[in-house]
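Visitor: okay, sequence plus prediction incoming.
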Amino acid sequence: MADLTTEFLGIKSPNPFWLASAPPTDKEYNVRRAFEAGWGGVVWKTLGSEGPPVVNVNGPRYGAIYGADRRLLGLNNIELITDRPLQTNLEEIKRVKADYPDRAIIVSLMVPCEEQAWKDILPLVEETGADGIELNFGCPHGMSERGMGAAVGQVPEYIEMVTRWCKQYYSKPVIVKLTPNITDVRKPAEAAKRGGADAVSLINTINSITSVNLDTMSPEPSIDGKGSHGGYCGPAVKPIAMSMVSEIARNPETRGLPISGIGGVTTWRDAAEFMALGCGNVQVCTAAMTYGFKVVQEMISGLSDWMDEKGHNSIQDFVGMAVPNVTDWQYLNLNYVAKAKIDQDACIKCGRCYAACEDTSHQAISMSADRVFEVIDAECVACNLCVDVCPVEDCISMEAMKPGEVDPRTGKVVEKEYANWTTHPNNPGAVAAE
Amino acid sequence: MPEATPLTPGITSGRLSAETLSEHFDDLHEPYAPHEAAVAADRCYFCHDAPCITACPTDIDIPLFIRQIQTGTPEAAAKTILTQNILGGMCARVCPTETLCEEACVREAAEGKPVEIGRLQRYATDTLMEKGVHPFTRARSTGKSVAVVGAGPAGLACAHRLAMHGHDVVLFDARAKAGGLNEFGIAAYKSTDNFAAREVDWLLGIGGITLHLDQRLGDGLSLSELRDEYDAVFLGIGLAGVNALRASGEDKDGVSDAVSFIAELRQASDLTKLPVGRDIVVIGGGMTAVDAAVQSKLLGAQNVTIAYRRGLDQMGASKFEQDLAASKGVRIIANAQPLAVHGNGAVSEVEFEYTISDGGELTGTGETFRLKADQVFKAIGQTLDGAPDALKLDGRKIAVDEKGRTSEAKVWAGGDCASGGDDLTVTAVAEGRDAAEDIHATLTGGK
């Protein structure tokens, strides 16, 4: 069995699966249950400054998006940071860390953008023995209206400033958690790095309204007939999160900056994909909130089996392996030509490929009277829509044409050499190939 | 306590308690709860030019109605169904979906487990009907009137479509109740809670249909008079006759027609009072044979055997029906033809000879056997009975063209009495509907 031990910023954990800062990590009771279930670490739910704690709404905090059979695909929340006294949280963190020295405990923090506020809280956190801190610059609702959370994360200068204070007043690793509610996620990541951050974690939740009640005309979750945007998470946000992760991983300014991946990690495969894109570990929330802490067992066994199959002995063997393959569109090989191919034995004759291609694409699939669906190579641009809508896995595949063959669509010979848009004759800004 | 048990000899009632009988005759397929319907609907792939639509005799847009269920609008789904098939509620219960839409479902090809179209259709139509809504309104009156003879599936579908187009319809039926085979000829567990009658009431909610019961063609009602009195006539008179066994002794006590038994059972207000034998032999291989056999068993008969003269694969009853019979404890003997009914006054045994099919030719092997029987049901097919002499026949049915027109002007026919199509409820509905469209076109278009 592959070794899942993870060392992230020097912090060891038995596996790369951490619980993200969220309701599952708000209390000693929950965190102990999580560790007993096998989670490698937790990021404790965000602490605020000393004083009267924040208050939460007393109505629904969550809204959901469902797939078939009420499978939860997306969740949003309007919960704030911890609403328990600072001292209580600190005492609990200390106790749990002492009892679980092999697990990672990171403390999430969110205090006002004033040096004194950070100066006050950091020694208290240091004293708990926790392994590091994560700066919550991402929470998109409630706290952002008070100048914290995403309000900080959307201003790179603030990120840099606060990160610098944290590095100054705290001795252990500092992770900056980024908001996706921004145009270019590289900017806040660069700012974090300039401020001395040891790592970034992303994504926090996305501004969202999950649904509108068509009887009351209130957004959901509805509090007495009104709704507020919440933070969206769960399987639905994974593609957005992975794109943002990859941008930071391949950005020359931030390349090599450790990343903790967050956003819809639900299975071992999701985790492996985030890690292939450069994440040293992953943080999970919605999957645990949907199915309970036991889901980590599947993540552990699945990742381990996959690593064995691929011959990876340790996590480090595959972290970042996919990063070199993330590129800009302009560098994609325009001489690569593929055609859809339908496996007639696997085809169940539903005709979805035909409807999709005929109505919304390139009229490249023919349909006979007895429902045989065939690709018309002379029309097929290999868009992959037929593959995506086919309900049978591996029934339709994209097959690359061999160099020297003639593409019946263009009448041109498939070139062996790589060529991209930058040198394409149709590109007004093309540079001559050397 | 029941007065009799399954072991009590002879034909007697009360073999099972009222509770057991009520369990036995409950819905064959439980209706879906809303979440079950949503899960089942999610399995539909929304196929292009879907094979299930092609397989449906009434061309219901199945993917569309399933998607309407999926999006939380079962009433809209019901309207999609009922637009094509006004008896969609009954068809959802009695259609042999395993040989129609569900056989064609691509998920049957993919994994041997089709989308449960019949149950979904029932969910949609039940939801609408429970609200007491009739979703169609009549067009402005055309001033034309049409006589529809036979208030079975074909006649009801025809009458409804004509009424919708603004014609006045007088609907005649020979029996004391409308519904035809829906009311008298289908196993009770397929039409529970008086559904057939409720559906007729709901259908008549369109308005413009006057129902005349106890009016039989050839017995006070004549085609020539109807032709004179109405602008058009539709005949949906079904198959009122029953084939003879052509085996000696078929007049003995205890031998009766399966259709009569089924009708009696359907109309019984108290199943504990309905007599049934201990040892039942059903002769035939169609749906009627299975309905009679299974219901005998459910009533408390100890031994029920279906004997069919050809092979299992040639039985009119589908594989599903055969399996249903087997699951209820009914034994099916294929390749056995009846030779004689034995007994002193009342039947005590039926003698059969084994057969072999040789290139379509059925021949006896000479080997015979006897089955103990105190009750025998003949289910060897129904025949046209009481069709007006003026009409040309095609084989043993009223000859019609693809629009349902008979050899006589102003006279249309459809359903089991007419040529073409399978003898299924859903086929009858399609024929009645299509004839109505042609009648409408004829009456309004001057053709």
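Guide: Arrived safely, thanks for sending.

Visitor: going by C-alpha atoms from here, please, whenever you check contacts or count neighbours.
Guide: Noted.

Visitor: those residues of the stretch 101-250 of chain B touching chain A, which are they?
Guide: B:106, B:107, B:109, B:110 (CA under 8 Å from any CA of the partner chain).

Visitor: what about the third one, how many neighbours?
Guide: Residue B:109 has 16 neighbouring residues, counting by other CA atoms under 10 Å in any protein chain shown.

Visitor: repeat that for the last one.
Guide: One way to gauge burial is a neighbour count; for residue B:110, by other CA under 10 Å, it gives 16.

Visitor: who's in contact with residue B:20?
Guide: Residues in contact with residue B:20 (CA atoms under 8 Å, 6 or more residues apart in numbering or on different chains): none are found.

Visitor: make sure it is indeed in a strand.
Guide: No - under the criterion used here (DSSP: H, G, I helix; E, B strand; the rest coil), residue B:20 is helix, not part of a strand.

Visitor: so how far is chain A from it?
Guide: Relative to chain A, residue B:20 is positioned 35 Å away (CA to the nearest CA, to the nearest Å).

Visitor: residue B:239 contacts residue B:387, doesn't it?
Guide: No - when contacts are counted by CA atoms under 8 Å, residue B:239 is not listed as touching residue B:387 (9.5 Å).

Visitor: over to residue 54. Which of the three states is it?
Guide: All of this is about chain A. coil.

Visitor: my read: it touches residue A:81, true?
Guide: Yes - the pair residue A:54 and residue A:81 passes the contact test of CA under 8 Å, sitting 7.2 Å apart.

Visitor: who has more neighbours out of the two?
Guide: Each of residue A:54 and residue A:81 has its neighbours counted (other CA under 10 Å); residue A:81 has more, 26 against 15.

Visitor: residues contacting the more buried one?
Guide: Residues in contact with residue A:81, defined by CA under 8 Å, 6+ apart, are A:45, A:46, A:47, A:48, A:54, A:143.

Visitor: bridging residues for the closest residue to the second one other than its chain neighbours?
Guide: If I follow you right, that is residue A:46. Nearest non-adjacent residue to residue A:46, counting by CA to CA, 6 or more residues apart in numbering or on different chains: residue A:108, 4.3 Å away. Beta-bridge pairing of residue A:108 under DSSP bridges involves residue A:134.

Visitor: what about residue A:108, how many neighbours?
Guide: Neighbours of residue A:108 using other CA under 10 Å come to 27.

Visitor: and it, how far from chain B?
Guide: Per CA to the nearest CA, residue A:108 is found 40 Å from chain B.

Visitor: I'd guessed that residue sits against residue A:139; true?
Guide: No - applying CA under 8 Å, one finds residue A:108 not in contact with residue A:139, separated by 11.4 Å.

Visitor: burial count for residue B:434?
Guide: 21.

Visitor: then residue A:7?
Guide: For residue A:7, the count of nearby residues is 17 (other CA under 10 Å).

Visitor: for the closest residue to it other than its chain neighbours, list the residues it contacts.
Guide: Nearest in space to residue A:7, with sequence neighbours left out and distances taken as CA to CA, 6+ apart, is residue A:13 at 6.5 Å. Residue A:13 makes contact with A:5, A:6, A:7, A:40, A:41, A:102, A:103, A:104, according to CA under 8 Å, 6+ apart.

Visitor: now do the contacts for residue B:385.
Guide: If you count contacts by CA under 8 Å, 6+ apart, residue B:385 has them with B:239, B:240, B:241.

Visitor: what subset of these is buried?
Guide: residue B:239 (16 or more other CA atoms under 10 Å in any protein chain shown).

Visitor: residues touching residue A:151, list them.
Guide: Applying CA under 8 Å, 6+ apart to residue A:151 gives the contacts A:137, A:138, A:140, A:144, A:145.

Visitor: which residue is the nearest non-sequential neighbour of residue 289?
Guide: You didn't pick a chain, so chain A it is. Counting by CA to CA, 6+ apart, residue A:24 is the residue found nearest to residue A:289 once chain neighbours are left out, at 7.1 Å.

Visitor: nope, chain B please
Guide: residue B:379 (5.1 Å).

Visitor: my read: that neighbour touches residue B:256, true?
Guide: No - at 9.2 Å, residue B:379 does not count as touching residue B:256 under the criterion of CA under 8 Å.

Visitor: after the lowest-mean-pLDDT helix or strand in chain A comes which helix or strand?
Guide: Of all helical and strand segments in chain A, the minimum by mean pLDDT, DSSP states H and E falls on helix A:150-153, at a mean of 88. Per DSSP states H and E, helix A:150-153 leads on to helix A:156-169 as the next helix or strand towards the C-terminus.

Visitor: can you dump the C-alpha atoms of that next one in CSV for me?
Guide: C-alpha atoms of helix A:156-169 as CSV (Å, rounded to 0.1, in the frame of the first residue of the first chain):
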residue,chain,number,x,y,z
PRO,A,156,-3.9,42.5,-3.1
GLU,A,157,-2.2,45.3,-1.1
TYR,A,158,-4.2,44.3,2.0
ILE,A,159,-3.3,40.7,1.6
GLU,A,160,0.4,41.5,1.4
MET,A,161,0.1,43.8,4.4
VAL,A,162,-1.7,41.4,6.7
THR,A,163,0.4,38.4,5.6
ARG,A,164,3.5,40.4,6.5
TRP,A,165,2.1,41.1,10.0
CYS,A,166,1.4,37.5,10.5
LYS,A,167,4.9,36.4,9.5
GLN,A,168,6.2,39.0,11.9
TYR,A,169,4.1,38.0,15.0
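
Visitor: chain center to that helix, what's the gap?
Guide: 24 Å (CA atoms, centre = their mean, to the nearest Å).

Visitor: buried stuff in that helix?
Guide: Quick answer for helix A:156-169 (16+ other CA under 10 Å): A:156-167, A:169.

Visitor: shaky segments in the stretch 201-350 of chain B?
Guide: Scanning the stretch 201-350 of chain B for pLDDT under 70 picks out nothing.

Visitor: tell me where it has strands.
Guide: With DSSP state E, counting those that start in this stretch as the criterion, the stretch 201-350 of chain B has strands at B:209-212, B:216-217, B:220-221, B:232-235, B:241-242, B:255-257, B:279-283, B:303-307, B:331-333, B:336-342, B:349-358.

Visitor: nearest to residue A:405, of the ones you listed?
Guide: Between residue A:405 and the strands of the stretch 201-350 of chain B, the shortest gap by CA to CA is with strand B:349-358, which sits at 57.2 Å.

Visitor: note down every partner strand of whatever helix or strand comes next after that closest one and its orientation.
Guide: Later in the chain than strand B:349-358, the nearest helix or strand by DSSP H and E is strand B:361-372. Here strand B:361-372 has these sheet partners by DSSP bridges: strand B:349-358 (antiparallel).
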